[in-house]
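K.L.:
Could you look at this predicted model? Sequence included:
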Amino acid sequence: IKTQVGIVGAGPAGLTLANWLRKQGISAVILENRSRVYIESRVRAGLLEQNTVDILENLGIADRLKKEGLRHEGVNLSFNGDRIRVPFGELTQGRNITIYGQQEVVKDLTNAWLDGGGELYFEATANKIEDIESDNPKIYFEYEGEQSVLECDFVAACDGFHGLGRKTMPEGSYNEFTVTYPFSWLGILANVAPSSEELIYAYHENGFALSSSRSESVSRLYIQCENDDKVENWTDDQIWDELEIRLGTPGWELKRGPIFEKGITPMRSYFIDNMQKGRLFLAGDAAHIVPPTGGKGLNLAIADVKHLVDGFTAFYKDANTTELDSYSETALKRIWRAQDFSNFMTTLFHKHEEHGSFGYQLQKAKFDYIKRSKAYRTTISENYVGMPFEAFE
Ligand code: DHB
């Protein structure tokens with residue numbers, strides 16, 4: 001098989017890249033080691049930045065997102081039961097976020113790619129990427145019991161944190177930076193109307209809690225738990241009781257309903273300082289992980305793809321490699337910003353220091369300042385909705 005851009009991974013990054021390249025008249029083939037059912041049902045985050053919604057809309061893949069997505073113009077921040085609203089739309093000249101599950105984005109992108117005749121091999125395991133320093137790199141993969149090869153001009157590794165892409169980067173071609181947090185999230189989906197129209201991020205001495213949603217009738221909620229915790233350690237009632245305690249504020253009520261999905265999410269910050277080598281380019285989780293607080297992961301992946309598309313377009317239309325050559329450098333500006341913001345949100349709202357400790361007093365001092373300062377609320381807002389691409393030029 002031959003194509004211009006060989007893509008490993010049919011997550012949000014790989015699928016967006018393929019659809020966008022097609023719009024630019026550039027061919028692509030996707031290899032995905034999981035099944036279609038698996039990638040379309042994998043429950044992940046659901047916060048789309050303004051940039052991400054705009055990109056999907058420009059690709060003509062936002063009809064269902066526009067219909068079913070929940071557009072929010074503000075977010076609630078809570079500290080020991082003291083809750084404030086940050087009107088990020090107002091503070092960023094109308095930039096907003098949309099709540100729409102990642103697996104719904106993946107379904108829409110997959111349908112668009114396949115409906116337009118795109119090639120996507122499910123349950124195709126890429127096992128070697130070779131000749132990345134040549135004009136003709138190759139991805140060796142196993143499909144239906146047979147060994148095959150995808151020959152391409154470029155390889156885009158959108159294959160996640162554990163993928164082959166980063167492992168193929170030569171030793172010494174990048175440095176790693178990483179932090180593992182001493183807590184995780186227990187996340188649930190429940191058949192009940194959200195208790196709050198907009199999200200609530202809460203610090204409580206029992207730990208962090210987050211109230212989000214997926215639709216008018218489905219709530220998405222998270223609580224901080226131990227790293228070695230198991231979903232079996234929690235009964236549904238215990239989860240709801242903790243959510244009530246941590247999210248509670250006078251005059252507000254938590255609506256309970258049947259829980260139909262539970263999962264544990266570890267929390268880590270990770271990135272590398274070079275995301276390309278020769279004709280191999282990494283995008284999304286293959287190159288960086290942020291803790292989920294603030295919902296940046298998916299949006300960073302889509303931003304990487306924007307820069308890759310700019311680079312491939314300049315290459316094929318004008319034989320210009322400047323943008324491809326500076327892909328890492330360009331993408332890393334936003335990645336660093338998101339690393340800082342995700343770490344800020346994580347540190348501010350999680351229980352990791354004893355009450356009375358210096359660290360705790362700093363958390364509290366920050367929250368008090370956010371309450372009082374429009375400048376601080378504006379800083380949080382522009383990061384939360386995602387900075388425009390021009391801001392990094
Ligand atoms: C969701 C997840 C997040 O990590 C976040 O910051 C906001 C929303 C969600 O799954 O809805």
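P.N.:
Yep, it's here.
K.L.:
Check for me that Gln103 belongs to a strand.
P.N.:
No: counting by DSSP: H, G, I helix; E, B strand; the rest coil, Gln103 is located in no strand; its state is helix.
K.L.:
and it, how many residues sit next to it?
P.N.:
By other C-beta atoms under 10 Å, the residues close to Gln103 number 17. Every C-beta, even on glycine, is put in place using the N, C-alpha and C of the backbone.
K.L.:
likewise Asp310?
P.N.:
Asp310: 17 neighbours (other C-beta under 10 Å).
K.L.:
swap in Gly25?
P.N.:
That count, for Gly25 with other C-beta under 10 Å as the rule, works out to 10.
K.L.:
try Ala301
P.N.:
Neighbours of Ala301 under the rule other C-beta under 10 Å: 25.
K.L.:
That one touches Gly9, doesn't it?
P.N.:
No: in this structure, Ala301 is not within contact of Gly9 by C-beta atoms under 8 Å, at 10.0 Å.
K.L.:
is the ligand contacted by whichever strand or helix holds Thr52?
P.N.:
Using DSSP states H and E, Thr52 maps to helix 50-58. No: using C-beta under 6 Å from any ligand atom, helix 50-58 never reaches the ligand; the gap is at least 13.2 Å.
K.L.:
Which residues in the helix or strand following that helix does the neighbour count mark as buried?
P.N.:
Next in sequence after helix 50-58, counting helices and strands by DSSP H and E, comes helix 63-68. Neighbour counts over helix 63-68 (16 or more other C-beta atoms under 10 Å) mark Leu65 as buried.
K.L.:
could you give me the average pLDDT of helix 63-68?
P.N.:
Here helix 63-68 scores 98 as its mean pLDDT.
K.L.:
Would you verify that Val29 is located in a strand?
P.N.:
Yes: under three-state DSSP, Val29 sits within a strand.
K.L.:
since we're on it, how many residues are nearby?
P.N.:
The burial count for Val29: 21, using other C-beta under 10 Å.
K.L.:
And Ile84, by the same measure?
P.N.:
Neighbours around Ile84, by other C-beta under 10 Å: 14.
K.L.:
Which strands or helices does the host helix or strand of it pack on?
P.N.:
Here Ile84, judged by DSSP H and E, is contained in strand 82-86. When contacts are defined as 3 or more C-beta pairs under 8 Å, 6 or more residues apart in numbering; DSSP states H and E, strand 82-86 sits against strand 75-79, helix 358-372, helix 374-385.
K.L.:
If we use 10 Å, what do you get?
P.N.:
strand 75-79, strand 200-203, helix 358-372, helix 374-385 (3 or more C-beta pairs under 10 Å, 6 or more residues apart in numbering; DSSP states H and E).
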